[in-house]
Every structure is written in structure tokens, then in C-alpha cells.
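S.K.: A structural model of the following input is requested.
(one chain, ligands or ions: 1)
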Amino acid sequence: MEGKCKENEIAAIADIYQSFDPAAYLQNNYTSPRADFGRKDSIVPWKLACFHRAFTDGDISGELLVDIGSGPTLYQVMSGCEVFNKVLLTDFLEVNRQELKGWLQDEKSSLDWTPYFQHVCKLEGRGPSAVREKIARLREVVKDVVPVNIHLPQPVSPDVLPQGKADCLVSCFCLESSSPDLATFTKAMGHISSLLRQNGHLLLIGALEESYYLGGPGVKIPVVPLNEAQVCASLQETGFTLIRLEVYTLPRDMSVGVDDVTGVFFVKARKN
Ligand SMILES: O=[N+]([O-])c1ccc2c(c1)CN[C@@H](CO)C2
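M.R.: Sure thing, here's the model as predicted:
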């Protein structure tokens, strides 16, 4: 009975996601104040700095980077696209895959990513002409945008990973916002781990102590509230060695009524 009930809970969350609105989600989380590049304590610049540092430590290398649960965003691969020649974006929802494909084909997209590219180029110490180069680089290395379901033992279809395993995984706000409880979160972490080669790296961003967020007007999506200790325990349980954990605590004015998140974690880990 337990398994059936858990399956139903996962299906119930998937049902709510059918009303997910990428444009609203981007507006809620990827515009000011959460994406204010003039503010040292804004969340998005903090996330971009975490990725920049992780990819410039010098220990991450290989051919293929897979982003699990990309949503409608690109920020999470703007540093990694300089290290990897192949990037796969993935999402459960067609609307998000369409949003990403729209940007990749230089068609309409719901958010202007230019300020993000400018900020990452600045972190990389490159001049303003580098923005066009980075945009071209990202469009060149992203080979596909494919479906993913983190609750399947094989989250992406096998023909998507011809060479078997990814050298690096990125995943942001995905596991905890599609799992009904901690056990399912941990199980999903195990599923995505199976996509990663041994000694490959996982860069994981997620919400701390969040119980819901708005995926669109009136679209309340349940989230399993996590603390740092639980995240670290799940990593250990699924065969990862923690390299770095960074935590961002939201200043009051970053709580804008779209969720009840109190903090954001950034994990850099290596698969044993
Ligand atoms: O502050 N942020 O940059 C930010 C970005 C995305 C998300 C959050 C916060 C919190 N909610 C999650 C969904 O569980 C999505």
C-alpha cells in the first residue's frame, strides 16, 4: 500500500505541474529583486558566483554536462558551457522544453538573459564583446532539450546518453519541488546519480525549508522542506562525497510572496 500511495502523491504533483507557467515563474524568480545585479545580496548573482567558482576550481572536466530539471532557465549552464563541449538540457514539462528551444533557436523567449550573460562574463574577467561569444558558445554546445522524470530509475531515455554517462550533472530546484517527502527526494537523487560517471561532479542548487512555491497565478506547488543536514545525509546515502556546501539566507525583501523559501543551498559533490 505504501508504494501505491507514494506513487499517487508523485502523480498528484505532476498533475499540478500541468498548470505551470514558465513566464510567470521567470517573472517571480528571475527579475528584480531576486535577480538584481546591482545588489551584492541578491540571490541570482550569488548563484552565478557559486557556479563560476565551481567550474573554475579546475577539478571539473569531461565531454558531457547534463542539466536535470532545467525549467525555463539558462543561468545554470552559463559557466559550465565554457568547460563542456556538449550540454543537454532536460525538463519534465513540454512548456519548459519549448521555452528553452525558443531561446536556442533565437526566437522569442520570456526573459532577456543578456544581463545574466553580462554578469557571468564579468565574473570571467572578459570584456563586453564576450557576451555575444558566450551566447554563441551556449547555442553551440547545447545539443538537445529532452524529457526527464527523476522518479524513474532511468530519468532520461537511454538513447539520449549514447556514451553512457554524463561527466557532470547540474540540477537546480528540481528534486525537492517534485518530491512529496524526503525519502522520495533521496530516491530521486539516486536516480539522477545513475546518469553520472564515477568521480563525476554534481552541482546541486535547492530550496531550504520551503513548503510551497507559485508555479503560476494560483498554481501552488508543494515542496518538501529541507535543511542542510538532510541534504548532506541524502548525498551521503546516494554515494556522493561533499566537496563544498554554501548557503544563502534570504534577506527579508527577497521574500516576495511567491514561496516560503528561507534559504538556498549550493552543493558541489563528487560521485564515489
Ligand atoms: O530566489 N531565487 O533565485 C529562486 C529561484 C528559483 C526558485 C526559488 C528561489 C525558490 N523556489 C524554487 C522552487 O522550489 C524556485
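
S.K.: drop to CA atoms for contacts and neighbour counts, all remaining ones
M.R.: OK.

S.K.: Now residue 66: phi and psi?
M.R.: Dihedral angles of residue 66 (phi, psi; degrees, to the nearest 10) stand at phi -120, psi 130.

S.K.: Can you list the low-confidence ranges for the stretch 1-150 of the chain?
M.R.: 1 (pLDDT under 70).

S.K.: how about the residues of it that lie near the ligand?
M.R.: Residues of the stretch 1-150 of the chain lying near the ligand by C-alpha under 6 Å from any ligand atom: 29, 34, 43-44.

S.K.: got a winner among those for most neighbours?
M.R.: residue 43 (25 neighbours; other C-alpha atoms under 10 Å).

S.K.: separation between it and residue 253?
M.R.: Distance, residue 43 to residue 253, using C-alpha to C-alpha, to the nearest Å: 11 Å.

S.K.: any idea of the pLDDT on residue 161?
M.R.: With respect to pLDDT, residue 161 scores 85.

S.K.: how near is it to residue 246?
M.R.: Distance from residue 161 to residue 246, by C-alpha to C-alpha: 30 Å.

S.K.: Could you do residue 94 as well?
M.R.: In terms of C-alpha to C-alpha, residue 94 sits 32 Å off from residue 246.

S.K.: Tell me which other helices or strands the strand or helix carrying residue 243 touches.
M.R.: Assigned by DSSP states H and E, residue 243 belongs to strand 240-249. Contacts defined by 3 or more C-alpha pairs under 8 Å, 6 or more residues apart in numbering; DSSP states H and E place strand 240-249 against helix 228-237, strand 263-271.

S.K.: by how many degrees do that strand and strand 263-271 diverge?
M.R.: Using axes from the mean of the first three to the mean of the last three C-alpha atoms, to 10 degrees, the direction of strand 240-249 lies 160 degrees away from that of strand 263-271.

S.K.: and strand 240-249, is it in reach of the ligand?
M.R.: No - figure legend: strand 240-249 not in contact with the ligand (C-alpha under 6 Å from any ligand atom); closest approach 9.4 Å.

S.K.: Mind listing what's buried along that strand?
M.R.: By 16 or more other C-alpha atoms under 10 Å, the buried positions in strand 240-249 come out as 240-242, 245, 247-248.

S.K.: Need the residues you listed in JSON lines (columns: distance to residue 176 and pLDDT).
M.R.: Shown next, in JSON lines, are those (distance: C-alpha to C-alpha, whole Å; pLDDT from 0 to 100):
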{"residue": "240", "distance to residue 176": "17", "pLDDT": "98"}
{"residue": "241", "distance to residue 176": "20", "pLDDT": "98"}
{"residue": "242", "distance to residue 176": "18", "pLDDT": "98"}
{"residue": "245", "distance to residue 176": "17", "pLDDT": "98"}
{"residue": "247", "distance to residue 176": "16", "pLDDT": "98"}
{"residue": "248", "distance to residue 176": "17", "pLDDT": "98"}
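
S.K.: Tell me the one of those residues nearest residue 113?
M.R.: residue 248 (22.4 Å; C-alpha to C-alpha).
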